[in-house]
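Undergrad: Let me see the structure of the following:
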Amino acid sequence: MAAVEDTRHLDSSAFVREALRIVGPAEPGDVALDLPCGAGRHARHLADLGYRVIGADIDQSCLETARRESVLQADAIEWRQLDARAELPFAIETFAVAAVVDYVDLDLLPRLVTLLKPGGYLIFQTFSNRGGNWTDLPKAGQAKHAVVDARALRYRERAAGPAEVDRVTVRGLWQRDG
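TA: Sure thing, here's the model as predicted:
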């Protein structure tokens, strides 16, 4: 008899699903951050893996959608409105996992590493190259060099936009030095 695939998280990014298979389920007391969380698809996935989750976004309407979509995980997810570009209201070494998906702010990445517990994981995925949005994507190597005090476990760049601009989409998984 063939194994039945768990399809609850097919709305999450394929790369995030791959990264979370490497990271594994939560240990008791582990907290994860999904920033910006949008409608909460990755926050819900993290909650189902046993993490207590903080899903944060600047957009109140996204948070309202996330709350509605996560009634089954209401006890595991705390939704907060905050700006990822501002100072983050969390203590250092708080999170076992931090996920940044479909958002590009390379200054955020090293700040998140300081919020990770030693051995914690940072998952980063830019948005896809569609239309003219390549102008907001990082240049080759920028994301990799923005993350310090963590080692890359998975890192992929793919060219985006015209070749002469050297823009890339990025998928990265780092583990903070322990």
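
Undergrad: Now stretch 94-104 - C-alpha only, PDB.
TA: Once non-C-alpha atoms are left out, stretch 94-104 reads as follows in PDB (Å, rounded to 0.1, in the frame of the first residue of the first chain):
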ATOM      1  CA  THR A  94      14.700  34.000  21.100                       C
ATOM      2  CA  PHE A  95      13.900  31.900  18.000                       C
ATOM      3  CA  ALA A  96      14.700  28.400  16.900                       C
ATOM      4  CA  VAL A  97      13.600  29.300  13.300                       C
ATOM      5  CA  ALA A  98      13.000  32.600  11.400                       C
ATOM      6  CA  ALA A  99      11.400  32.600   8.000                       C
ATOM      7  CA  VAL A 100      11.400  35.500   5.500                       C
ATOM      8  CA  VAL A 101       9.600  34.600   2.300                       C
ATOM      9  CA  ASP A 102       8.600  36.800  -0.700                       C
ATOM     10  CA  TYR A 103      10.200  39.800   0.900                       C
ATOM     11  CA  VAL A 104      13.600  41.400   0.200                       C
END
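
Undergrad: got the buried residues for it?
TA: 94-101, 103-104 (16 or more other CB atoms under 10 Å). To be clear about C-beta, it is placed using only N, CA and C from the backbone, and glycine gets the same treatment.

Undergrad: for stretch 84-94, same thing?
TA: 84, 88, 90, 94.

Undergrad: just the residues you listed now: which is nearest residue 158?
TA: Checking the buried residues of stretch 84-94 against residue 158 by CB to CB gives residue 84 as the nearest, at 23.5 Å.

Undergrad: circling back to that earlier point, so of the buried residues of stretch 94-104, which ones are in strands?
TA: 95-101 (DSSP state E).

Undergrad: ok, for residue 117, nearest residue in space, not its chain neighbours?
TA: In space, and not counting its chain neighbours, residue 117 is closest to residue 93: 4.9 Å by CB to CB, 6 or more residues apart in numbering.

Undergrad: Stretch 122-134: which residues count as buried?
TA: 122-126, 129, 133-134.
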